[in-house]
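Enquirer: here is my input, please return the structure:
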Amino acid sequence: MDALGDLLRGVRADGALFNRTVLNGPWESKHSEGAALTLVAVVRGAARIAAASGEPRTLREGDAAMVCTAAPFTLSGTGAASGGECELVTGAYQLESSVGCRLVSMLPPLLVVPAGDDCLPILELIAAEVAADRPGRQYVMDRMLDWMLACTLREWFDLPDACPPAWYRALGDDVVGPALHAMHDEPARPWTVASLAARAQVSRASFARNFTELVGRPPMAYLTEWRMALAAELLAEPGATVAAVAGQVGYADGFGFSDAFKRIRGITPSSYRTSLTTGRPDSASLRATG
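Expert: As a prediction, the model looks like this:
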């Protein structure tokens, strides 16, 4: 199981909005586009970022920030550096897939990642691509934003003060970790508490207790929510049918699957598919496995 890969399932930029800005002297830039997720990187100089909640943070050369809320945020010069030159690159997602919303719902409104070796090369490439006007520019920038998101999250999860989802932290537990790996690797398998406990090599009672304490919900409830998150992604694929998706996430018939999907997401699978084609998000787009 690749935990970060699971979080990024279905997250794929399409028509991403990129900006490269070079600022001098005292400056302030307000962002109120309402994007679901925005990445900000300082190529040169320094800047201060203030989101709707939390304390303002200082970004220095090579640092990256993620604003995981549609609320407005502000970028400005900071301290002595406010009189110098600052080069910023910003990239904005409009996340429409449910698993993308799942990712956003698991992150703090603002997270900052110090400069790291993994992300520095992509920052320079992005700055150059934004300034150019070459064939395939939008496609290249979309993939660069996906790359930048993956690099930023990978480095943030490694920080001592990061707050990843409970299930992400539980992956390292000797009892709960093997069961989580199993559920994510084989979501369609007919898992039971007994079979998951056997995978963890502990009693059913011990497994259920440890799982609930670490993940924050019982194992079967977690499995159902994970299956529905995957189902929402699969339903967005061209030609997908409710019956086919039901089988892919472990349901023998469409009726049981539809009941579970509506219970978790507040909408039937067919209505959810219709909402994707009409551009209206489902009524529970932010309900997710936490």
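Enquirer: alpha carbons only: can I get stretch 204-224 in PDB?
Expert: Output of stretch 204-224 as PDB, limited to C-alpha atoms (Å, rounded to 0.1, in the frame of the first residue of the first chain):
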ATOM      1  CA  ARG A 204     -11.000 -10.000  17.200                       C
ATOM      2  CA  ALA A 205     -11.600  -8.000  20.400                       C
ATOM      3  CA  SER A 206      -8.000  -6.800  20.600                       C
ATOM      4  CA  PHE A 207      -8.000  -5.900  16.900                       C
ATOM      5  CA  ALA A 208     -11.300  -4.000  17.000                       C
ATOM      6  CA  ARG A 209     -10.300  -2.100  20.100                       C
ATOM      7  CA  ASN A 210      -6.900  -1.100  18.800                       C
ATOM      8  CA  PHE A 211      -8.300  -0.100  15.300                       C
ATOM      9  CA  THR A 212     -11.000   2.100  16.700                       C
ATOM     10  CA  GLU A 213      -8.600   3.800  19.100                       C
ATOM     11  CA  LEU A 214      -6.000   4.600  16.500                       C
ATOM     12  CA  VAL A 215      -8.200   5.300  13.400                       C
ATOM     13  CA  GLY A 216     -11.200   6.800  15.200                       C
ATOM     14  CA  ARG A 217     -13.800   4.500  13.900                       C
ATOM     15  CA  PRO A 218     -14.500   0.700  13.800                       C
ATOM     16  CA  PRO A 219     -12.800  -1.400  11.100                       C
ATOM     17  CA  MET A 220     -16.000  -2.100   9.100                       C
ATOM     18  CA  ALA A 221     -17.100   1.500   9.200                       C
ATOM     19  CA  TYR A 222     -13.700   2.600   7.900                       C
ATOM     20  CA  LEU A 223     -13.800  -0.100   5.200                       C
ATOM     21  CA  THR A 224     -17.200   1.000   4.000                       C
END
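Enquirer: pull out the buried positions in that stretch.
Expert: 204, 207-208, 210-211, 214-215, 217, 219, 222-224 (16 or more other CB atoms under 10 Å). C-beta: built from backbone N, CA, C; applies to glycine.
Enquirer: report the distance from that stretch to the chain centre.
Expert: Centroid displacement of stretch 204-224 relative to its chain, using CA atoms, centre = their mean, to the nearest Å, is 23 Å.
Enquirer: number the residues from 105 up from this point.
Expert: I'll keep to 105 as the first residue from here, and by that count the last item is stretch 308-328.
Enquirer: re earlier: JSON lines please, covering the buried residues of stretch 308-328 and showing pLDDT and secondary structure.
Expert: Below are the buried residues of stretch 308-328 laid out as JSON lines (pLDDT from 0 to 100; DSSP: H, G, I helix; E, B strand; the rest coil):
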{"residue": "Arg308", "pLDDT": "95", "secondary structure": "helix"}
{"residue": "Phe311", "pLDDT": "96", "secondary structure": "helix"}
{"residue": "Ala312", "pLDDT": "96", "secondary structure": "helix"}
{"residue": "Asn314", "pLDDT": "95", "secondary structure": "helix"}
{"residue": "Phe315", "pLDDT": "96", "secondary structure": "helix"}
{"residue": "Leu318", "pLDDT": "93", "secondary structure": "helix"}
{"residue": "Val319", "pLDDT": "92", "secondary structure": "helix"}
{"residue": "Arg321", "pLDDT": "92", "secondary structure": "coil"}
{"residue": "Pro323", "pLDDT": "96", "secondary structure": "helix"}
{"residue": "Tyr326", "pLDDT": "94", "secondary structure": "helix"}
{"residue": "Leu327", "pLDDT": "96", "secondary structure": "helix"}
{"residue": "Thr328", "pLDDT": "95", "secondary structure": "helix"}
